[in-house]
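Visitor: using only what follows, build the 3D model:
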Amino acid sequence: ACGMPDQRIVDYLRQNQGKYPVEALKAALVKQGFPEADVEEAARHAAGAEVPPAPASDFGTDAPADRVVFGVGRVLANGKAMFASPADFFSRLDPAARFAGPAAAIAFWGFVSGVITFLLAFVVPSPFGLIAAGAQVVMLPIMAVLLSFIGAGLFHVVCLILGGQGSYAVSYQVIAAMSTLFPVSTLLGQVPFGVIPVQLVGLWLSVSAAQSAQKVGRTKAWAAFGLLTAFGVLGSILAQAG
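Guide: Residues are numbered from 1 along each chain as shown. Model (predicted):
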């Protein structure tokens with residue numbers, strides 16, 4: 001076992017390691033007759049006992065430790081956290097997260113929307129009948145997941161154009177979080193112009209996500225997503241009028 005390092009070697013290394021390569025200094029000490037093990041021990045002592053930890057590789061600074069976790073078991077908690085503080089919630093999305101958890105959350109809310117659609121068919125008769133309404137319980141989760149990748153792509157492209165810095169995985173998690181609005185949209189869709197409030201809430205969440213998750217400037221986010229929402233609202237009004 002090595003004892004205390006030879007202080008002469010330590011002093012020699014500390015005095016000269018800024019001027020000459022450490023390996024050259026160690027070789028010179030060994031050549032002078034100092035045991036190689038003693039030289040290595042002194043070199044470690046001269047350089048410091050511990051190497052400081054490397055910074056995290058995630059984009060941005062001060063990456064939060066409490067990343068948002070997606071999954072069927074987390075849908076209610078995530079929805080509550082998102083509406084309570086969108087900026088904090090979206091800032092905690094994981095840029096390295098897998099897609100399975102967010103996709104499961106989207107499928108869950110699609111399933112809930114399908115069940116609501118089926119139940120509403122008993123109150124407001126569906127023009128396609130109960131069988132078609134019941135089929136939505138299966139079809140809506142599947143369609144929601146398939147379309148979510150396109151929706152995330154559109155959100156991501158808009159953010160990139162505006163100078164966004166986040167990954168596509170982050171954009172997909174944004175869409176997964178906002179899928180909480182699916183059942184509300186299904187219910188309010190039965191009321192004239194009822195989907196418009198959902199679109200406005202979607203605007204609020206989209207801007208918060210663009211700012212906090214993708215680092216897009218506030219003014220640019222409101223301008224871009226506000227314009228897109230305006231087109232969506234106009235479409236809803238025209239559809240209702242028709």
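Visitor: and for the lowest-mean-pLDDT helix or strand in the chain, what are the contacting residues?
Guide: Of all helical and strand segments in the chain, the minimum by mean pLDDT, DSSP states H and E falls on helix 36-47, at a mean of 81. Helix 36-47 has contacts (C-beta atoms under 8 Å, 6 or more residues apart in numbering) with 2, 5-6, 9-10, 13-14, 17, 22, 26, 29-30. The C-beta positions use only the backbone N, C-alpha and C, and glycine is treated the same way.
Visitor: what strand or helix carries Met143?
Guide: Met143 belongs to helix 129-161 when assigned by DSSP states H and E.
Visitor: buried residues in that helix, which are they?
Guide: Across helix 129-161, burial judged by 16 or more other C-beta atoms under 10 Å covers 133-134, 136-137, 140-141, 144-145, 148, 151-152, 155-156, 158-159.
Visitor: then stretch 113-124?
Guide: Buried residues in stretch 113-124 (16+ other C-beta under 10 Å): 113-118, 120-121.
Visitor: format these as TSV; extra columns: pLDDT and secondary structure.
Guide: Output for those, formatted as TSV (pLDDT from 0 to 100; DSSP: H, G, I helix; E, B strand; the rest coil):
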residue	pLDDT	secondary structure
Ser113	93	helix
Gly114	90	helix
Val115	92	helix
Ile116	91	helix
Thr117	87	helix
Phe118	87	helix
Leu120	87	helix
Ala121	83	helix
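Visitor: and those residues as CSV, adding distance to Leu187?
Guide: Listed next are these as CSV, based on distance: C-beta to C-beta, whole Å:
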residue, distance to Leu187
Ser113, 9
Gly114, 13
Val115, 11
Ile116, 6
Thr117, 10
Phe118, 13
Leu120, 8
Ala121, 13
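Visitor: for Leu203, state which of the residues you listed is nearest.
Guide: Ser113 (20.2 Å; C-beta to C-beta).
Visitor: okay, now the unreliable bits of this structure?
Guide: 1-3, 48-65, 125-128, 242 (pLDDT under 70).
Visitor: follow-up on the earlier one: what's the ChimeraX line that selects buried ones from the contacts of helix 36-47?
Guide: Listed next is the ChimeraX selection for buried residues among the contacts of helix 36-47, using 16+ other C-beta under 10 Å:
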select :5,6,9,10,13,17,26,29
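Visitor: greatest separation within the contacts of helix 36-47: which pair is it?
Guide: Cys2 and Gln17 (19.9 Å).
Visitor: quick one: the residue lying closest to Phe149 once chain neighbours are set aside from Pro141, how far?
Guide: Excluding the flanking residues, the one nearest Phe149 by C-beta to C-beta, 6 or more residues apart in numbering is Tyr172, at 7.2 Å. To Pro141, Tyr172 is 16 Å away according to C-beta to C-beta, to the nearest Å.
Visitor: Thr186 now?
Guide: Relative to Pro141, and taking C-beta to C-beta, Thr186 is found at 13 Å.
Visitor: and the helices in this protein?
Guide: 7-16, 22-31, 36-47, 75-84, 86-91, 100-123, 129-161, 168-178, 182-188, 195-212, 218-241 (DSSP state H).
Visitor: turn the ones you listed into TSV, columns for distance to Val69.
Guide: Below are the helices of the chain laid out as TSV (distance: least, C-beta to C-beta, whole Å):
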stretch	distance to Val69
helix 7-16	47
helix 22-31	45
helix 36-47	40
helix 75-84	8
helix 86-91	12
helix 100-123	7
helix 129-161	18
helix 168-178	10
helix 182-188	20
helix 195-212	17
helix 218-241	25
